[in-house]
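1. What shape does this take:
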Amino acid sequence: MKKFEEFGAGGPVGLIAATVAETMRAEGVDGDTADEIASRIAWAVVDEFGGGYWFVPLQGGRQKADPPLIVFVAARLEKEIGGRLSNAQEAAKRCAAECRQRIGGAYMYVSRGSTVKRASRDQEIWRAFTGANYRALSKQFDLSEMRIRQIVARERERRAQGRGG
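-> Okay, here's the model as predicted:
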């Protein structure tokens, strides 16, 4: 799950990405390729559904048809792996069922792309932070030194509270 922290640890898009990656690995796709596919699908979900609340019913509930978000994930996955796996449609269906199982039963909020990109950038800043390279990071990320300090302080606080990876 740490691989997809840019989409929110434990959040719906992060869970979708992790589920897609796990499904691909179970189908015999190598780890890095599975992660790339999962990341592309997660970004597509953010682009398509970001900024809104979406209901995903529980697997096996009264609703017979999958909700639009799950249908979208399955269709994108099938398109991504169509040339790689002979059973792409079945793999996509299994992945959709697993996504529904993991995130179903409630309304979920999908963050806008700009929010996810900012969180991803902040994680990258934190990983690159050495303790004394504020100025270099401000140049690298085209932010003020003060903004870099704020990001580092916020990440440090998140991790101290056990919310970071």
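
2. helices or strands up against the top helix by length along the chain?
-> Looking only at the chain and at elements set by DSSP state H, the helix with the highest residue count is helix 31-49. Other elements packing on helix 31-49 under the criterion 3 or more Cβ pairs under 8 Å, 6 or more residues apart in numbering; DSSP states H and E are helix 12-26, helix 68-81, strand 106-110, helix 113-128. C-betas here are computed from N, CA, C, even on glycine.

3. where are the low-confidence patches of this structure?
-> 1-2, 8-10, 59-65, 163-165 (pLDDT under 70).

4. Now with 90, please.
-> Residue ranges of the chain with pLDDT under 90: 1-15, 27, 43, 46-47, 50-71, 80-121, 123, 155, 158-165.

5. returning to that earlier point: list the buried ones in the next helix or strand after the longest helix of the chain?
-> Per DSSP states H and E, the first helix or strand lying C-terminal to helix 31-49 is strand 52-56. Within strand 52-56, the residues that count as buried by 16 or more other Cβ atoms under 10 Å are 54, 56.

6. Residue 111 and residue 144: what is the separation?
-> According to Cβ to Cβ, to the nearest Å, residue 111 stands 24 Å off from residue 144.

7. Which of these two has more residues huddled nearby?
-> A direct count of neighbours by other Cβ atoms under 10 Å for residue 111 and residue 144 places residue 111 higher, at 20 against 11.

8. give the contact list for the closest residue to the more buried one other than its chain neighbours.
-> Excluding the flanking residues, the one nearest residue 111 by Cβ to Cβ, 6 or more residues apart in numbering is residue 50, at 5.9 Å. By Cβ atoms under 8 Å, 6 or more residues apart in numbering, the contact list for residue 50 reads 110-113, 115-116.
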